[in-house]
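Asker: Sequence and predicted structure are below.
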Amino acid sequence: MLFLLYPLASAILYPIGNLFLKRSIHEGGGIIRSLFVSNIVLSLCFTPLIAFIRESPDWTQIGWPLLTSVCYFLGQLFTLIAIQSGDVSVQTPLMGLKLIFVAAFSSLLRPDEVPPLLWAGAAVCSVGIFLIGGGNVAAFRRSSRTVVLTLLACLFFGATDTLSSYRSASFGRIPFILTTVSSVSILSLGLIPFFRTPLRETPRAASKLMAIGSLAIGLQAVILITALTQFGQATAINIIYSSRALFGVLLIIFLGARLGNLEASRAGPRVMRNRLLGAILLCAAIALVFL
């Protein structure tokens with residue numbers, strides 16, 4: 001059971017990374033520069049995998065990792081826009097819905113593998129989304145933009161995971177990962193002309209926060225991929241990883257103010273309780289679908 005510590009570590013690092021990226025954006029880092037740096041750092045975090053290549057890629061299947069890189073790039077873009085526009089305690093729990101999208105996309109590629117409780121899980125998720133949005137119509141409307149943007153991020157990240165699961169073997173698993181993250185870096189170079197100011201002119205405080213947040217996101221991805229490739233147990237690992245929904249809300253409640261985030265005091269105890277309950281429901285829905 002010690003292998004479950006891997007996804008648990010990733011689940012803790014993910015909301016921490018998002019919290020620092022949000023602060024970086026508001027300190028003058030900007031969405032475009034944050035996206036660029038986080039994608040480059042992600043690629044650097046995966047470079048040690050080069051030492052483990054034992055197979056030559058099938059270049060006739062190059063389209064799959066390229067398509068996956070586009071999906072990841074868009075997923076990360078919508079994630080950062082959601083972080084910038086709303087609360088981390090809304091965005092992070094909703095990212096758990098990625099696994100529901102994975103199940104739905106998997107049903108298109110492998111209809112025989114559709115989880116039988118998919119729609120029951122989706123119904124529970126809808127209640128969880130409403131609670132995370134605040135638990136009442138007025139609060140949900142205020143959070144609706146963040147909810148929609150996060151669902152779009154989940155859509156593209158779900159496509160990323162599905163393509164990685166079902167198309168990586170035909171290209172070569174480790175070459176697939178490395179080609180995908182390298183392509184994400186190449187796509188990110190196209191962001192440079194859109195920087196408001198050159199990267200070197202990013203405010204020092206924002207640069208530090210951006211580096212910490214990007215490193216946390218990159219490390220959690222490497223830890224998760226390591227667990228999946230070394231231990232298998234995809235279902236158990238993904239269920240534990242979905243606990244990031246809880247950690248995202250708990251982080252804001254107990255440590256947010258110390259880390260410069262005032263969401264909890266601004267939203268109030270009632271809304272934060274609703275978000276915590278919604279996060280618990282999302283975790284339960286994900287476990288329901290994948291068990």
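Answerer: Thanks, I have it.
Asker: Just the element for residue 14, please.
Answerer: helix 5-24 (DSSP states H and E).
Asker: got the buried residues for that helix?
Answerer: For helix 5-24, burial by neighbour count (16 or more other C-beta atoms under 10 Å) applies to 6-24. For every residue, glycine as well, the C-beta is placed using N, CA and C.
Asker: same thing with stretch 172-191?
Answerer: 172-181, 183-185, 187-188, 191.
Asker: pLDDT check: weakest of the residues you listed?
Answerer: Ranked by pLDDT, those bottom out at residue 173 (84).
Asker: And that residue, its phi and psi?
Answerer: phi -60, psi -50 (degrees, to the nearest 10).
Asker: ok so, going back, per-residue confidence averaged over the helix holding residue 14?
Answerer: Across helix 5-24, pLDDT averages out at 90.
Asker: May I have it exported as CSV, CA atoms only?
Answerer: C-alpha atoms of helix 5-24 as CSV (Å, rounded to 0.1, in the frame of the first residue of the first chain):
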residue,chain,number,x,y,z
LEU,A,5,1.9,7.7,-1.1
TYR,A,6,2.8,8.7,-4.6
PRO,A,7,-0.6,9.9,-5.8
LEU,A,8,-1.2,11.4,-2.3
ALA,A,9,2.0,13.5,-2.7
SER,A,10,0.8,14.6,-6.1
ALA,A,11,-2.7,15.5,-4.7
ILE,A,12,-1.0,17.7,-2.1
LEU,A,13,1.4,19.4,-4.5
TYR,A,14,-1.2,20.2,-7.2
PRO,A,15,-3.3,22.8,-5.2
ILE,A,16,-0.1,24.3,-3.8
GLY,A,17,1.2,24.8,-7.3
ASN,A,18,-2.0,26.4,-8.4
LEU,A,19,-2.1,28.7,-5.3
PHE,A,20,1.4,30.0,-6.1
LEU,A,21,0.6,30.4,-9.8
LYS,A,22,-2.5,32.4,-8.9
ARG,A,23,-0.4,34.7,-6.8
SER,A,24,2.2,35.0,-9.5
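Asker: What's the end-to-end length of stretch 83-93?
Answerer: 12 Å (C-alpha to C-alpha, to the nearest Å).
Asker: next one: it to chain centre, how far?
Answerer: 12 Å (C-alpha atoms, centre = their mean, to the nearest Å).
Asker: can you list the residues that contact it?
Answerer: Identification of contacts with stretch 83-93 by C-beta atoms under 8 Å, 6 or more residues apart in numbering yields 14-15, 18-19, 21-22, 25-26, 31, 79, 82, 128, 132-133, 143, 145-147, 149-150, 244-249, 251-253, 256, 261, 263-264, 267, 272, 275, 278-279, 282.
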